[in-house]
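K.L.:
got a structure for you, letters missing:
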């Protein structure tokens, strides 16, 4: 919790949610003693989050109660077991609305069954609340209460009555609503202290994309917007939206990070400044990943930790290819200086990726980050239109933390690749390296040039690039060539072209 938030709240006024990441979004937790609405379509994770909320209360030594009109105790126990939880310490009170409505309709005819049922049901769970006297309460669900009330004015009066009762008992309440009735129940939203929306989208391929959105949190600070969530065995995890301004650092561009390849460092004016980002652009097989791995290897020898996100290759393939270039990564992987993380683009979200990167930087001290590659990273975001904003926040955050970032992008085409990128991040990157294939005397060769270096001077030459058993070698400038970047160079001088052996 930040100092500002700590000044805003007293410790005993906060009810922690028990959901990893959610307290961070709420800047501490729920203001205690208030009523909150947790709404979302069936299957979004409302029950999971509600149980985590109550389990956190049990851990804090509080008395907690789960009132259910929609699910049975057996169903709740099954949900808990699926996550490896125990409901010990949680008081469960089950009301079968269907049975009670049927009983009311068959026993009396003077009053409307909805009037009788609403009153009886309310008295039953209010008696239980008085008996237990909980400090945390989950009510599941408002759709059942709305059905019992029948009319909107009676429903609103009932909520007002419940709110008054909960306030008097200083109880923090989570009301669940599955949105099966009126999907815009504004009168319920207007009466609660906060509204939390759980949303789930089904992409064209891959798992559900789940998000949490704080629609309302009355009179308290919070991190607004949509935040990615994930539900796995063990419960719900929230990945707060990354805001670089909330995580300042002292990562000024000062130290130079060398690749260990003299020619490459010379082209970059001595190396890459710490805290800068570099985009390596070129067709598949042109050497982008190899250059990034070379930086990681040399950084490891200098005591700098690296994290490499691999989207397109297996770890075994990376190691074999690296060994063929004389890059022995295995010892540094074993020592923890280099961490390879294979990523399935169909399972990753923007929030989870930012969370993983933050953990690497803040907990493991990573100072070199490699994303290989941008196209797969975009696919992992499920093509979201806010990818540019996400990358801007990510690169800004990494720069503030003094982390050097390398991002590869594989362009389409072999000799004349398309110039554009799926998202134009060239303006975000501090440095841009361009790699190309070109043809010479029946062989395919590689060329490298530095198009941009924001933090200092750089060579404007195009040099021959060779990848072999001796590693990465940078040749002299291709002075007598014209059109190397098109893939079909033209000789402009008689004799053997300079720069080509």
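P.N.:
Nice, I can see it. All of these numbers come straight from a predicted model, not from anything done at the bench.
K.L.:
May I ask you to confirm that residue 271 is in contact with residue 265?
P.N.:
Yes. In this structure, residue 271 is within contact of residue 265 by CB atoms under 8 Å, at 5.0 Å. Quick note: C-beta positions are derived from backbone N, CA and C, even for glycine.
K.L.:
any shared contact partners between those two?
P.N.:
Residues within reach of residue 271 and of residue 265 at once, by CB atoms under 8 Å, 6 or more residues apart in numbering, are 258, 259.
K.L.:
any idea which helix is longest in the chain?
P.N.:
Determined from DSSP state H, the single longest helix within the chain is helix 113-132.
K.L.:
what's the spacing between the helix or strand following that one and its chain's center?
P.N.:
The helix or strand immediately downstream of helix 113-132 is strand 136-140, counting by DSSP states H and E. Distance of strand 136-140 from its chain centroid, counting by CA atoms, centre = their mean, to the nearest Å, is 28 Å.
K.L.:
Show me the domain layout of this structure.
P.N.:
As recorded under automatic domain parsing, the domains making up the chain are 3-241, 252-491.
K.L.:
Those: lowest mean pLDDT?
P.N.:
Lowest mean pLDDT within the domains of the chain: domain 3-241, at a mean of 83.
K.L.:
chain center to that domain, what's the gap?
P.N.:
With CA atoms, centre = their mean, you get 25 Å for domain 3-241.
K.L.:
possible to save the domains of the chain as TSV with mean neighbour count?
P.N.:
Shown next, in TSV, are these (neighbours: other CB atoms under 10 Å):
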stretch	mean neighbour count
domain 3-241	17
domain 252-491	18
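K.L.:
can you tell me how far the residue nearest in space to the middle of the chain sits from residue 239?
P.N.:
When CA atoms, centre = their mean is applied to the chain, the residue found nearest the centroid is residue 351 (1.2 Å). For residue 351, the distance to residue 239 (CB to CB, to the nearest Å) stands at 3 Å.
K.L.:
what do those two both touch?
P.N.:
With CB under 8 Å, 6+ apart, residue 351 and residue 239 have common neighbours 227, 228, 229.
K.L.:
Can you tell me which of those residues end up in strands?
P.N.:
227, 228, 229 (DSSP state E).
K.L.:
any idea which of those residues is closest to residue 246?
P.N.:
Proximity of these to residue 246 (CB to CB) peaks at residue 227, which lies at 13.5 Å.
K.L.:
you'd agree that closest one is up against residue 242?
P.N.:
No. Contact criterion CB under 8 Å: residue 227 and residue 242 do not qualify, at 9.9 Å.
K.L.:
With distance to residue 15 added, can I get the ones in strands among the shared contacts of residue 351 and residue 239 in a markdown table?
P.N.:
Output for those, formatted as a markdown table (distance: CB to CB, whole Å):
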| residue | distance to residue 15 |
| --- | --- |
| 227 | 19 |
| 228 | 23 |
| 229 | 19 |
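K.L.:
now residue 393, what's its secondary structure?
P.N.:
Following DSSP: H, G, I helix; E, B strand; the rest coil, residue 393 is assigned to helix.
K.L.:
can you check residue 377 too?
P.N.:
helix.
K.L.:
Now it: closest residue in space that isn't a chain neighbour?
P.N.:
Setting aside the residues directly before and after it, residue 377 is nearest to residue 371 in space (CB to CB, 6 or more residues apart in numbering), at 5.6 Å.
K.L.:
Repeat that for residue 80.
P.N.:
Going by CB to CB, 6+ apart, residue 80 has residue 87 as its nearest residue, at 5.1 Å.
K.L.:
Now do the SS call for the one you found.
P.N.:
coil.
K.L.:
Quick one: residues contacting it.
P.N.:
Counting by CB under 8 Å, 6+ apart, the residues that residue 87 touches are 51, 76, 77, 80.
K.L.:
follow-up on the earlier one: shared neighbours of residue 227 and residue 242, which are they?
P.N.:
With CB under 8 Å, 6+ apart, residue 227 and residue 242 have common neighbours residue 351.
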